[in-house]
Structure formats: C-alpha cells, structure tokens
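*Asks:* here is my input; please provide its structure:
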Amino acid sequence: MRVLFAGGQGQVGSALAQQGLEQSLDLIALGRQDLDIACAESIAAVFAEYEPDLLINAAAYTAVDKAESEPELAYAINETATAFLADACAERGIPMLHISTDYVFDGTKDSPYVEADTVNPIAVYAKS
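*Replies:* This next block holds a predicted model:
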C-alpha cells in the first residue's frame, strides 16, 4: 500500500511519516513545495505521479492567532484545499485520513472530548 502524506514536511506530518518509515511503509511525504494543496491541478499531477492507495492530510494553516487577521488564507488552506484533496480521493476511490485540531471544541466540557462530541469553534482558526 502506497501512502501519500500531504503536509509531510510539517511537524505532525513528518512525525507520522517517520513512524511509517520505521514500519517499512511505502510512503511519500510531500511538503508545500512539492504539493500545492490549494491547487487542484497540482493535486491531480501528484496523484497521477505517485498513484497513492491512501492519503493522509496533515497540511494545515496553523497560525492560530494570525488566522484572525488572515481569515481568507486560513479558509483557503483548511477548508477549500482540504475539499480539493477529498474530491481527488473520491474521484480515485481512495480513502483520506484528515488530521484536524481539538480547537473545533469550545473548551467548556469537563471531561476529555471524543470524536462524536458536538463541535463549537470560537475563532477563525477553529472555524476554518
């Protein structure tokens, strides 16, 4: 199985990719210089070149405070580009694992959050 990591050069992506390499997975970890996730044509070209069986998306706009002054950029990367990746995976019938953030929760719960909890983002970064 060939695994493609979008955001594979970032903090989360590179850590995950290292784990995959230690498990002898066939993986390609690409950063933004090799895969522009905000460009459907770039995604299509990378998918055609590497023919992945699975996409792990660890790419994100992660400047939490700066997102308040750059909401368009935060949404372009965290929402629109993620949709481009999901569409490319759907077109090819391959699964996509998207890594998100706990910022989608408002922090008011008294116990640990779980995936099924209702989200309530309170800032641009979380909303994007």
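*Asks:* which ones are touching Gly31?
*Replies:* Remark: with contacts taken as Cβ atoms under 8 Å, 6 or more residues apart in numbering, Gly31 is in contact with Gly7, Gly8, Gln9, Gly10, Gly13. C-beta here means a position set from N, CA and C on the backbone, and glycine is covered the same way.
*Asks:* confirm for me that the third one is in contact with Leu35.
*Replies:* Just to be clear, that refers to Gln9. No: proximity of Gln9 to Leu35 does not meet the contact threshold set by Cβ atoms under 8 Å, at 9.6 Å.
*Asks:* which one of the two is surrounded by more residues?
*Replies:* Leu35 (25 against 18; other Cβ atoms under 10 Å).
*Asks:* which residue packs closest to that one, ignoring adjacent ones?
*Replies:* By the measure of Cβ to Cβ, 6 or more residues apart in numbering, the closest residue to Leu35 outside its immediate chain neighbours is Val46, 5.0 Å from it.
*Asks:* great, nothing more from me.
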